[in-house]
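# coords please:
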Amino acid sequence: MTGIASTPPLLRVRGISKRFGSFTALHEASFDLWPGEVLAIVGESGSGKSTLLNAVAARLQPDAGEVAYHLQGTGLADVHGLSAAQQRLLARTDWGFVHQNAADGLRMDVSAGANVAERLMGLGDRHYGQLRTAAEEWLRRVEIDPIRIDDAPRTFSGGMRQRLQIARNLVTRPRLVFMDEPTSSLDVSVQARLLDLLRALTQELQLAVVIVTHDLAVARLLAHRMVVMQRGRIVETGLTDQVLDDPQHPYTQLLVSSVLQP
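Reported below is the predicted structural model:
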């Protein structure tokens, strides 16, 4: 991870709030994310994790607060103040989003190669040979045999679909990737393989990642820092090992003790 003391944050979140009718899903959430840093957002179901992720990723309009992202050559810019076209460009170039259900992040009836190459085509690349070469390279990098390049994702296993979704997101070399429970729908052995791949890629590419997970083991393996949420509020934040080994908030203590209980 890049030293945070000498660099400005890549992402700055301040006072994000969101209500659905009379229900407060998110209340004044704030955090910073630095280049190359992995931040885990943890908490039980209904704690506001996914609402926070979607608000930060400009997939949901917050009622209050600001999300500022360090655009290349520009500096920090209000994400929700960008035009819809600017948000779409950001989402398909400098950002990635890995869904819990890979089918939500893939075009299931077109080839694996086309899924990977589509983001490059969105940037204007039309050279078939170069697109196919890039797709083959990324299939290898996510441990999918390039012989499957012309097969549709609907013919893939769950783990292969998730790895293909990762390749689709990383082919444009984004600086920031959002991940929403990327391993929770997979069998334990498949989860372990995917987590090893994610850890290797985030380190190699120096990706900044915001990952939502209910699994504290996933947070410990992948994240430098973590945010603990309860009832729409951030109740504790800190270095992952410090939070898990010496939790300060009663809710965090409960989460950790529930995992450690036999």
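# and stretch 51-70, how far from the chain's centre?
Mean-position distance between stretch 51-70 and its chain equals 14 Å (C-alpha atoms, centre = their mean, to the nearest Å).
# quick one: buried residues of the helix or strand hosting Glu137?
With elements delineated by DSSP states H and E, Glu137 resides in helix 128-141, which encompasses its position. Along helix 128-141, these residues count as buried under the neighbour rule (16 or more other C-beta atoms under 10 Å): 131-132, 134-136, 138-139, 141. The way it works is simple: take the backbone N, C-alpha and C, and place the C-beta from them, glycine included.
# next: stretch 49-60.
By neighbour count with 16+ other C-beta under 10 Å, stretch 49-60 contains the buried residues 49-58, 60.
# tell me the average confidence for it?
Stretch 49-60 shows a mean pLDDT of 97.
# kindly report the same for stretch 28-39.
97.
# do stretch 83-100 as well
94.
# and that stretch, end to end?
Using C-alpha to C-alpha, to the nearest Å, the gap from the first to the last residue of stretch 83-100 comes to 27 Å.
# what of stretch 117-128?
By C-alpha to C-alpha, the extent of stretch 117-128 from end to end equals 9 Å.
# please identify the buried residues of that stretch?
Along stretch 117-128, the positions that meet the burial threshold by neighbour count (16+ other C-beta under 10 Å) are 117-120.
# need the buried residues of stretch 49-60 in CSV with secondary structure and distance to Asp151, can you?
Shown next, in CSV, are these (DSSP: H, G, I helix; E, B strand; the rest coil; distance: C-beta to C-beta, whole Å):
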residue, secondary structure, distance to Asp151
Lys49, helix, 33
Ser50, helix, 31
Thr51, helix, 35
Leu52, helix, 36
Leu53, helix, 30
Asn54, helix, 31
Ala55, helix, 36
Val56, helix, 34
Ala57, coil, 29
Ala58, coil, 32
Leu60, coil, 34
